[in-house]
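Enquirer: sequence and predicted structure are below.
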Amino acid sequence: MDKHKQQIIDAALERAAEQLGDITPLVMARFLCRCPDAEASFAQHWPHNPQRLQAEMVDNALYCVMTWFERRSEIEIIIYTSVPHHADTLHIPANWYRELLAATVEVLAQTCPAEAAEEAALWDELHGALTALVDAA
């Protein structure tokens, strides 16, 4: 665990929460712009409430972002089990995981002040690590 990195991310998440509120609509807009076929998949897999499924997926992505520097091995297990399972059973492309995680990081990182170079580098590191993890899964 890297306490210093986790402290920076925790502070950034608090700032993002204050500035953005619920990030679900922002993340989903970015994600669906990149993966428009995913919208039909949400409706197919949870036809009575696809928005709730979208919110759960953003919550899962946010959890990965929030805990990466604190419990990396836990996130690795989640991704290594979830991506193949969803690909095999629900025909969810790994690219959708990659793009959802990327959209989550990008929405949060957009609140990073221009002078916060260390934080910006952490967002880049996190984006790269999560992308590589999905690719490896």
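Expert: Structure received.

Enquirer: averaged pLDDT, the helix or strand hosting residue 8. What do you get?
Expert: Secondary-structure element containing residue 8, defined by DSSP states H and E: helix 3-20. Summarised as a single mean, pLDDT over helix 3-20 is 94.

Enquirer: let the chain start at 21 from now.
Expert: Sure, I'll start counting at 21 from here, so that last one is helix 23-40.

Enquirer: report the distance from that helix to the chain centre.
Expert: Offset of helix 23-40 from its chain centre (C-alpha atoms, centre = their mean, to the nearest Å): 15 Å.

Enquirer: could you name the helices and strands sitting against it?
Expert: Contacts defined by 3 or more C-beta pairs under 8 Å, 6 or more residues apart in numbering; DSSP states H and E place helix 23-40 against helix 70-87, helix 114-129, helix 137-156. C-beta: built from backbone N, CA, C; applies to glycine.

Enquirer: who does the longest one touch, helix- and strand-wise?
Expert: By that I understand helix 137-156. By 3+ C-beta pairs under 8 Å, 6+ apart, helix 137-156 packs against helix 23-40, helix 70-87, helix 92-105, helix 114-129.

Enquirer: pull out the buried positions in it.
Expert: Using 16 or more other C-beta atoms under 10 Å as the test for burial, helix 137-156 gives 139, 142, 143, 146, 147, 149, 150, 151, 153, 154.
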